[in-house]
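>>> 3D, please:
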Amino acid sequence: MKVQIIIGSTRPGRIGSQVAKWVMKNLPEQDETAYELVDLGDYKLPIFDEPIHPSMGQYKHDHTLEWSKKIKEADAYVFVTPEYNAGYPASLKNAIDYLFHEWKAKPVMIVSYGVNGGQGASAQLRQVAERLKMQPTNTSPMLTITREMSGEDGQLKDTAESLKSYEAILEEAGDELLTIGNAVEVLAA
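Numbers count the residues shown, from 1 in each chain. Next up is the predicted model:
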């Protein structure tokens, strides 16, 4: 099974890549499971500009074709998202909206972070995932990021130590993701 860990923020100076690397390092290891970081910042998707609805799969733009190809490579996803003003970033919503069939019926775990753990972002993203017929894990790690956890540069201090208290919940959610993923593979066979 291939699992993509998608960094949902494209903001300069973000801590999303640190959180995503910590997630990848702490997800359960299982035979024949591979994890890959996918950074939305690498895809430069403009505000949704496809002339035909994504459910038709008739993409016209190279950036959409490239994004579709990348997402099709995975069997499951982990969305790593900050909370911005009680929601998740427009960059992630835009990237999700570009596609339809690529997401459909696939397992997803939502890892949110922010001052209050990113509860609003997690809840909104779960609604979108369910609308796309994705299979969200019951457990969604929500990481509360405090001022004491970040340095003057805005980056997390010693990421592993800062997030250590969240390892058990991440492991539980990771186990759920792999269980759902294995069940989907069996049903598809």
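>>> quick one: residue 21 and residue 156 touch, right?
No - counting by Cβ atoms under 8 Å, residue 21 stays clear of residue 156, with 10.2 Å between them. (Glycine included, C-beta is placed from N, CA and C.)
>>> Between those two, tell me which one has more neighbours.
Comparing residue 21 with residue 156 by other Cβ atoms under 10 Å, the one with more neighbours is residue 156, at 20 against 16.
>>> and the more buried one, backbone torsions?
Here is the backbone geometry of residue 156 (degrees, to the nearest 10): phi -70, psi 140.
>>> Is it bridged to anything, and to what?
residue 150 (DSSP bridges).
>>> Make residue 1 into 334 and carry on from there
Okay, residue one is now 334; in that scheme the one you just asked about reads as residue 489.
>>> OK, contacts around it?
By Cβ atoms under 8 Å, 6 or more residues apart in numbering, the contact list for residue 489 reads 348, 351-352, 478, 482-483, 495-496.
>>> what does residue 465 give?
429, 433, 436-437.
>>> And the residues you listed, which is closest to residue 423?
residue 429 (10.7 Å; Cβ to Cβ).
>>> any idea whether the nearest residue to the closest one once chain neighbours are set aside is helix, strand or coil?
Using Cβ to Cβ, 6 or more residues apart in numbering and skipping residues adjacent in sequence, the residue nearest residue 429 is residue 461, 6.2 Å away. Under DSSP: H, G, I helix; E, B strand; the rest coil, residue 461 falls in the helix class.
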